[in-house]
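In: quick one: sequence and predicted model below, then my questions.
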Amino acid sequence: MTTSAVAGEARVTGSPGGGVMRRLNMFTGIIFGVVLAVVGYFVANALLPDPEEGSHKSNQVWLITFFLWAVGFMVGVGAFTGPFRWLAGRDQSVDDELYLAGKDQGVWRYFKFTTDHKVVGIQYLVTVMTMLAIGGTLAMVIRTNLLRPGSKFVSPVIYNEVVGLHGIIMIIATIIMVTGPFGNFILPIMIGARDMAFPRLNALSYWFLFATLPVMLSAFFLGGIPTGWSAYAPLSEQGQPGMDSFLVAILLFAVSSALSGVNITTTAVTMRARGMTWTRTPIFVFGTVTSVMLGVIAFPMFMAAMVLLGMDRALGTTFYVASGGGSPWLYSNLFWLMGHPEVYVILLPAFIAILELAPVFTRKPLFSFTMAILGLGGVVGLSLFVWAHHMFIAGWAPALNAPFMVTTELISIPTGLLFLVLLGTIWRGNIWMRLPMMAAYMLLWNFIIGGITGIYLSDVPIDEAMHGSLFVTAHFHYTLLGGGLTGAMGAFAYWFPKMTGRMLNERYGSIGFWTAQIGFNVTFLSMFIVGLRGQPRRVADYATTFDVNNRISSISAYFIGLGMLIFLYAVIHSWRSGEIAPANPWGGKTLEWQVPTPVPLENFAVLPVVTSDFYGYSENGHARRGAHAAEPEAEPAPVASGHGGDGPQVIDLPAAEAAAPAATGEDGETR
Amino acid sequence: MTQVTAGPEQPPAPPAPPEKPAWRRPPVGPILLLWLGFTIIGVLFALYVPAHLMGVAASPTMHELEATVTAFSVAAAPVAALVWAIMLYSLIAWRQKGNERPPDNAPPIRDNTRTDAVWLVTSGALCLFLLIWGLVVVAPHGPAVLLPDQPTQGQVVAPLRVGVTGNQWTWDFTYPDNGGIQTEELVLPVNRPVVFEVSSKDVIHSFWIVQMGIKVDANPGETTNASVTPDRLGTYTVRCAELCGLYHSYMQTPVRVVSTADFIAWLRASGGSA
């Protein structure tokens, strides 16, 4: 693409007026998808033979309907215009690529198949916030039903549906909450690239996620899921068509995250700026890449589990049915092979984002980059070998309980290293207590509780008492919400000025943040108590002896909701009319802070050349507290971006290439 | 006048290292005090609260479990205390006033190998302690889930076999060695080892006797085992611990632990034999 533009060959630019691709957007996608799905539903109903027994036909019809929705939506949103054009011999021109990158389209570009990674990042951000809102509302319903024993706020059927959908919506939202918005918007700028390695694939990942949501939410109207988000067989085989919604949604989401994972990894490996060796690469890049690669390894297990479930439901196979020669344990193993790495996919980007911002808010280098890498690597490596700790009491393989206990307890060591790095960065820092740093402190508080209670559960005898109780629920909310979501909120507050051009109103933001955090701690500490005392999880009702602590949990859960609403208000208000943000409000050294706000379409006027890592806070001046008077700091930029002068030279790019659009990164050119 | 013409120049003698300036000396004292204080609170909490919350222990398994929870809590207390101490001290001593960006004059500590080593060794040792406790101390006479084929030590009485079947949404019990009676009521004799042979008719349930600290899944098409020796008379609770559909919350039943004589009487009354 670039070369042809440079060489000045005449290229066919598509049909007059820009072709179909300029008319496709989210709305055409929805229309096309719905039409195809409805047509498919009726055609499938008419053509498929009636079964002699069981409800396989309705499952088959729904699976076909959802599949056609996905295909129709993706075609209608314009995901395949590139391949179609190429097959038709009319490859996209430079103008087409710029159009796809959202040039000159204003707000409208957020509603189309736009390849600019910054647009995709904002799309992910808004989608994640929406999903968290839906999942959070469902949580309020759950806690209201548990306000007092015997309460029938919702029927048991609806309650089970709500529990299951709360779980899966939150799981999907938390998997993507850091890598989606910030892995997309920030990471390419942070490594000194103009876009991702595969910008079209990037947009594809996002729109696959978008297509997933109506499918997942349709479960509500189709009888819901009776199983919780873990969808254990054979209960999942009993379920209404809502279970088919669930399994198709998972397949779509797994494709989305796999594509995103390989895209982010390729970008980080091949497109770092000149001079950015691995030891100079910010820790956030390591955290994001390892997490998405862990997802690429793990999520296909979930896909396999769902495909087999779909076959059992729609075709009458018996993979998970004991009476047919199958085993529910096949499902459990496949699920947890995904399920355990998945929690680290949720946690690590958030923890690493906090490690990335901590030096900025303590004004000193990240403590022990080496230990951070070792901790990250240890967690990721071990996480693939611990899955059966979710099955200690399943009776599947009691002889394996001891080895899995060993691997699970070993994970506490690399996790501890991440704590060491954060505490070491705080040690003697000049602590700037803005909202991102508040999140760092709450991550420490919440995750020490979450981590320690996890160690209890890793011990097989203790797990024998605690498995399936609310102790487990409180543990994973502490790690995923208290650790993961808190870290994500800190990352959001940190990168908000760069992504939106405004400063986040810290007064309302902090009020919301602290209300939610205090509410969160009271809710789940109270839940540990009922868990220890013997209340099972996923129950719509409970014995009267658990009354008091459930009421405390429910009332303080309302404060979580209130706090998040206040935070949301702060976000919306600031985004629309907040104080305009300077390019580098925090004095950060990483590359995203060295570009203007709003970030230009191609990020950098001239690609930077990196000469040192980005944690050199307070290393340049000679001033020390209590010693000499502070000298004005000479801050040689860690990036040589000038023209001429001594030292590393910026490679002068041919003028045409420098002006060429970024969307041609698919050629895999390294500059 | 001596001429230094030949031989290499001697480098000047290095100056004596200066005394460490104030900012280089770590604030060990105050942080140690905070750490000690939090540890004491934590250990006191650990010794009394978790086991108390877990409540009545109706078997040696549960007694050991409560002891394990207490031991783990006591071991965890200094770890949490360290994190809290550093957090609190940092907020008191290092936090900058106001909203403006602080100066870039904090000590540029890139790494401290000794700290890294101590941290690694300590966390490794703690992990080892947990593993030894879990595998060695508890296992030989512990619950069947760890080492399922270990015979229980000092066995003089044959264990009582009870078949447990979960079905949506009740528990059914059989006594295969006592006339094969089937009942929805679980009654056990005190101080006699029991082996539960657990299965399910439909979906996965989980058989949990709360106060005895045992739990094992009930899987369709498989039989899993859990063994325990109830050592306390009383009425306890069986709950289902795996979401099994609509009335999962209500899938619970009492278990009565009675004297051997009462147990035999109950068996006879239910149509079985001792």
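Out: Perfect, thanks for sending it.

In: dump the residue contacts of the residue in the stretch 151-274 of chain B that chain A sits nearest to.
Out: Distances between the stretch 151-274 of chain B and chain A by C-beta to the nearest C-beta are smallest at B:Gly221, namely 2.3 Å. Where you see a C-beta, it was placed from the backbone N, CA and C, and this is true even at glycine. By C-beta atoms under 8 Å, 6 or more residues apart in numbering or on different chains, B:Gly221 lies in contact with A:Ala322, A:Ser323, A:Ser327, A:Pro328, B:Ser199.

In: now the helices: where do they sit in the stretch 1-150 of chain B?
Out: Using DSSP state H, counting those that start in this stretch, the helices of the stretch 1-150 of chain B run over B:28-54, B:60-89, B:113-132.

In: run through the stretch 51-200 of chain A and note the low-pLDDT ranges.
Out: Across the stretch 51-200 of chain A, the ranges flagged by pLDDT under 70 are A:52-55.

In: enumerate the residues of it near chain B.
Out: A:Pro156, A:Val157, A:Asn160, A:Val163 (C-beta under 8 Å from any C-beta of the partner chain).

In: burial of the first one, as a residue count?
Out: The criterion is other C-beta atoms under 10 Å in any protein chain shown. On that basis, A:Pro156 has 19 neighbouring residues.

In: got it, and A:Ala439?
Out: A:Ala439: 27 neighbours (other C-beta under 10 Å).

In: likewise for B:Trp133?
Out: Count around B:Trp133 with other C-beta under 10 Å applied: 18.

In: can you pull the phi and psi angles for B:Thr174?
Out: phi -130, psi 160 (degrees, to the nearest 10).

In: so it sits right up against B:Gln182, yeah?
Out: Yes: the criterion here is C-beta atoms under 8 Å, and B:Thr174 meets it with B:Gln182 at 4.9 Å.

In: more crowded one of those two?
Out: B:Thr174 (18 against 15).

In: residue contacts, the more buried one?
Out: Here B:Thr174 is in contact with B:Val162, B:Gly163, B:Thr165, B:Gly180, B:Ile181, B:Gln182, B:Thr183 (C-beta under 8 Å, 6+ apart).

In: would you map out the domains in the chain?
Out: You didn't say which chain, so I picked chain A. Listed domain ranges for chain A are A:24-84, A:114-577 (source: automatic domain parsing).

In: wait, I meant chain B there
Out: According to automatic domain parsing, the domains of chain B span B:26-93+B:115-134, B:160-269.

In: is the helix or strand hosting A:Trp336 anywhere near chain B?
Out: Per DSSP states H and E, A:Trp336 falls inside helix A:328-362. Yes: Helix A:328-362 reaches chain B (C-beta under 8 Å from any C-beta) through A:Pro328, A:Trp329, A:Thr362.

In: so for whatever helix or strand comes next after that helix, what gets flagged as buried?
Out: Next helix or strand after helix A:328-362 toward the C-terminus (DSSP H and E): helix A:369-383. By 16 or more other C-beta atoms under 10 Å in any protein chain shown, the buried positions in helix A:369-383 come out as A:Phe369, A:Met371, A:Ala372, A:Ile373, A:Leu374, A:Gly375, A:Leu376, A:Gly378, A:Val379, A:Val380, A:Leu382, A:Ser383.

In: so which of those reach chain B?
Out: Among the buried residues of helix A:369-383, chain B is touched by A:Phe369, A:Met371 when using C-beta under 8 Å from any C-beta.

In: now the buried residues of helix A:369-383 in a markdown table, with pLDDT?
Out: As requested, the buried residues of helix A:369-383 are arranged in a markdown table below (pLDDT from 0 to 100):
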| residue | pLDDT |
| --- | --- |
| A:Phe369 | 96 |
| A:Met371 | 96 |
| A:Ala372 | 97 |
| A:Ile373 | 97 |
| A:Leu374 | 96 |
| A:Gly375 | 97 |
| A:Leu376 | 97 |
| A:Gly378 | 97 |
| A:Val379 | 97 |
| A:Val380 | 96 |
| A:Leu382 | 96 |
| A:Ser383 | 95 |
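
In: of all the buried residues of helix A:369-383, which comes closest to chain B?
Out: For the buried residues of helix A:369-383, with chain B as the reference and C-beta to the nearest C-beta as the criterion, the closest is A:Met371, at 5.6 Å.

In: residue contacts, the closest one?
Out: A:Met371 touches A:Leu417, A:Leu420, A:Val421, B:Asp111, B:Asp116, counting by C-beta under 8 Å, 6+ apart.

In: compare these and tell me which has the most neighbours.
Out: A:Val421 (28 neighbours).

In: that residue should be in a helix, yeah?
Out: Yes: under DSSP: H, G, I helix; E, B strand; the rest coil, A:Val421 sits within a helix.

In: who are the contact partners of A:Pro328?
Out: Contacts of A:Pro328 (C-beta under 8 Å, 6+ apart): A:Tyr232, A:Ala233, A:Pro234, A:Tyr320, A:Ala322, B:Ile204, B:Asn219, B:Pro220, B:Gly221.

In: what does the stretch 151-274 of chain B put close to chain A?
Out: B:198, B:202-204, B:206, B:208, B:210-211, B:213-217, B:219-222, B:224-225, B:237, B:239-250, B:252.

In: re the thing from before, out of the contacts of B:Thr174, list just those in strands.
Out: B:Val162, B:Gly163, B:Thr165, B:Ile181, B:Gln182, B:Thr183 (DSSP state E).

In: the last one contacts B:Phe173, correct?
Out: To tie it back to what came earlier, the one meant is B:Thr183. Yes: under the criterion of C-beta under 8 Å, B:Thr183 makes contact with B:Phe173 at 5.4 Å.

In: give me the more crowded residue out of those two.
Out: B:Phe173 (20 against 16).

In: and A:Ala211, what element?
Out: helix A:199-218.

In: next structured bit after that helix?
Out: Immediately after helix A:199-218, counting by DSSP H and E, sits helix A:235-238.

In: with only the CA atoms kept, save that next one in CSV.
Out: What follows is helix A:235-238, C-alpha atoms only, in CSV (Å, rounded to 0.1, in the frame of the first residue of the first chain):
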residue,chain,number,x,y,z
LEU,A,235,-27.4,-28.8,34.4
SER,A,236,-26.5,-26.7,31.4
GLU,A,237,-28.1,-29.3,29.2
GLN,A,238,-31.4,-28.9,31.0
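
In: where's A:Val321 relative to B:Val203, distance?
Out: Distance from A:Val321 to B:Val203, counting by C-beta to C-beta, to the nearest Å: 11 Å.

In: can you list residues touching both of the two?
Out: A:Pro234, B:Pro220.

In: name the residue in these two with the higher neighbour count.
Out: Neighbour count, other C-beta under 10 Å: between A:Val321 and B:Val203, B:Val203 has more, with 26 against 18.

In: what sits against the more buried one?
Out: A:Tyr232, A:Pro234, A:Leu235, A:Gln238, B:Gln168, B:Pro220, B:Cys244, B:Gly245.

In: distance-wise, check the fifth one relative to A:Gly167.
Out: Here the criterion is C-beta to C-beta. By it, B:Gln168 lies 21 Å from A:Gly167.
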